[in-house]
Structures are given as C-alpha cells and as structure tokens.
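*Asks:* have a look at this fold, sequence not included:
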C-alpha cells in the first residue's frame, strides 16, 4: 500500500511539473521556417491540370513565417501565422503578345495565412506534445494575366487569374523550451489546378522559435 501511495504521489508530481500552469492568458511571438514537400494528389489528377503552371513546382519549397499565439487556457491556444515564399507562378514559355497566351515564365512572392488551434500535452517542465487543427490560405499573390481572343476580330480579352486556394491544416508538434518542431499536411479537395474536385495534399515540416511574450 505504501508503495502504491508513493507511486501515485510521484506521478502527480511528474505531471504537475509538466503542466505549465502559468500559460493561461499569455501571448507569444514566434518566427519560423517551413519546408513543403512534393504534393500527393490522386493518381488520375494530372489528366485535368490547369494550364500555365506545374502544381508540384509551385507548392514545393521553403517558406518563412511569423506567428502570434495566445493561450486561452493552460493547454488550449489559438494562433495566426503569415508565411512568405518566392517561387514559380507560371511555367508557360509563350508570351502575351499573340492573340492567345499568358505571361512568360515568371516567379513571384506568394503569401499564406494560417489560422489554427493547438492542444498541448505536457510531458515534463518545458517539454510537451501538441496537436494542431486549422485553416490556411495558400499561394496568395500567385496571379497571372491570360489573353484570349473574342468573337470580334482583332479584339482580345485580358483576365487576371489566381492559383491561390484554401486548405485544412492538420499537424503534430513537439515543443522543447522555446523551440517547436511540427510535422503536418495541408489538404484541399478544391484547387485551381484541377477541373474536377480532387484531394490535393502538401506534407510539410516546420521549425519555430519563440522570441518571447508580448
């Protein structure tokens, strides 16, 4: 019986030390770097790809970000993040000079917005695991101009089109002191790359550093 009581007291002390009971109402600022891996569409997706870009090339690569996180309770937090990438927008080699075409190959700055909530599982002191669920808007600013002929001879129409899309963000993270490592996916069933609704998933991993409380 004595061993059982001592064990219970030990376990209580262990988890109490790991609960970070002062997190509630704290507001943090973080910076991070994220690498997005090759997207995972269904095998038949590429038969209906939108013109003028390569979805893999446009969505793979490095992004930089900053984030604001606020703890509603000692374990629940909400956050907003803004990410930036400089990468491929259009990949067609034809130009806008003819009666039909699109801008020549070009790269540009793409912006993402991420809204999420985290639930933390304390391990010990400043170590914890957390799960993330959120919504993201990816590839903002990936705009291009398309020129198409009209039914009137010699008259063409110019349209500004976009490659941005919304996605669900699901991730698992590990936090140690002020550093975080996250492995997750952005997934969407509707993107501008495909005529039909097709699941499009971008795996990613991210490293963030907490710069302090605000």
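*Replies:* Great, that's in hand. On a predicted model such as this, the values are computed, not experimentally measured, just so you know. Numbering: from 1, shown residues only.
*Asks:* does residue 132 touch residue 118 like I think?
*Replies:* Yes - contact status for residue 132 versus residue 118: in contact at 5.1 Å, counting by C-beta atoms under 8 Å. C-beta: built from backbone N, CA, C; applies to glycine.
*Asks:* hey, what's in contact with both of the two?
*Replies:* residue 173 (C-beta atoms under 8 Å, 6 or more residues apart in numbering).
*Asks:* those two - which one has more neighbours?
*Replies:* Neighbours per residue, other C-beta atoms under 10 Å: of residue 132 and residue 118, the larger number sits with residue 118, 22 against 18.
*Asks:* wait, isn't that one in contact with residue 175?
*Replies:* No - with contact defined as C-beta under 8 Å, residue 118 does not reach residue 175; the gap is 9.4 Å.
*Asks:* flag every buried residue along the helix or strand where residue 83 lies.
*Replies:* Per DSSP states H and E: residue 83 is located in strand 76-90. For strand 76-90, burial by neighbour count (16 or more other C-beta atoms under 10 Å) applies to 77, 79, 81, 83, 85, 87-90.
*Asks:* in its sheet, what does the helix or strand harbouring residue 139 sit against?
*Replies:* Following DSSP H and E, one finds residue 139 within strand 127-140. Strand partners for strand 127-140, identified by DSSP bridges, are recorded as strand 106-124 (antiparallel), strand 165-176 (antiparallel).
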